[in-house]
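Trainee: need coordinates for the following:
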Amino acid sequence: MGRVFREYLSGRCVYACSSCNAHLATEEALVSKAFQGRLGRAYLFNEVVNVMCGPAEEKMLMTGLHSIRDVHCAHCRAYLGWKYEMAYESEQKYKIGKVILEKEHTIKENNWSVAAVF
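Mentor: Below is the predicted model:
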């Protein structure tokens, strides 16, 4: 097995793994902060990096039956949330392919640019 490649993101705000600080998503990929995870608040993202997905499982969530995959950090293997593979109710289909990251397992890094003073 080879070395794990980490992708580094740039932007005003980057969400990272709270265990190892591996970058996961940018604020631009954030769809909603109004989700509930297993441990509290969770965020819905269009795309994430540096993650691995487990096998698909059908689960009854608060919004109905979904097929989901657990999402783990590719670097430290910490649990982060889940990815929606399938939504069986028509009003939930917008979630397909998107990823939930639980707030409890992520940190928010703000990239401050330093302006030169003359």
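Trainee: partner residues bridging the residue nearest the centre of the chain?
Mentor: Nearest to the mean C-alpha position of the chain, by CA atoms, centre = their mean, lies Leu101 at 3.6 Å. Beta bridges link Leu101 to Tyr43, Gly81 when assigned by DSSP bridges.
Trainee: can you tell me how far it is from Glu57?
Mentor: Applying CB to CB, to the nearest Å, the value for Leu101 to Glu57 is 18 Å. Yep, even glycine has a C-beta here, placed from its N, CA and C like the rest.
Trainee: now do Tyr94
Mentor: Separation of Tyr94 from Glu57 (CB to CB) stands at 20 Å.
Trainee: ok, now Leu39?
Mentor: Taken as CB to CB, the span from Leu39 to Glu57 is 18 Å.
Trainee: repeat for Leu9
Mentor: For Leu9 relative to Glu57 (CB to CB), the value is 28 Å.
Trainee: out of the two, which sits in the more crowded spot?
Mentor: Leu9 (20 against 12; other CB atoms under 10 Å).
Trainee: go ahead and confirm the more buried one touches Glu28.
Mentor: No. At 9.6 Å, Leu9 and Glu28 do not qualify as touching, with contact defined as CB atoms under 8 Å.
Trainee: quick one: the strands in the chain?
Mentor: 13-17, 23-26, 30-37, 40-45, 51-61, 64-73, 79-87, 99-102, 106-110 (DSSP state E).
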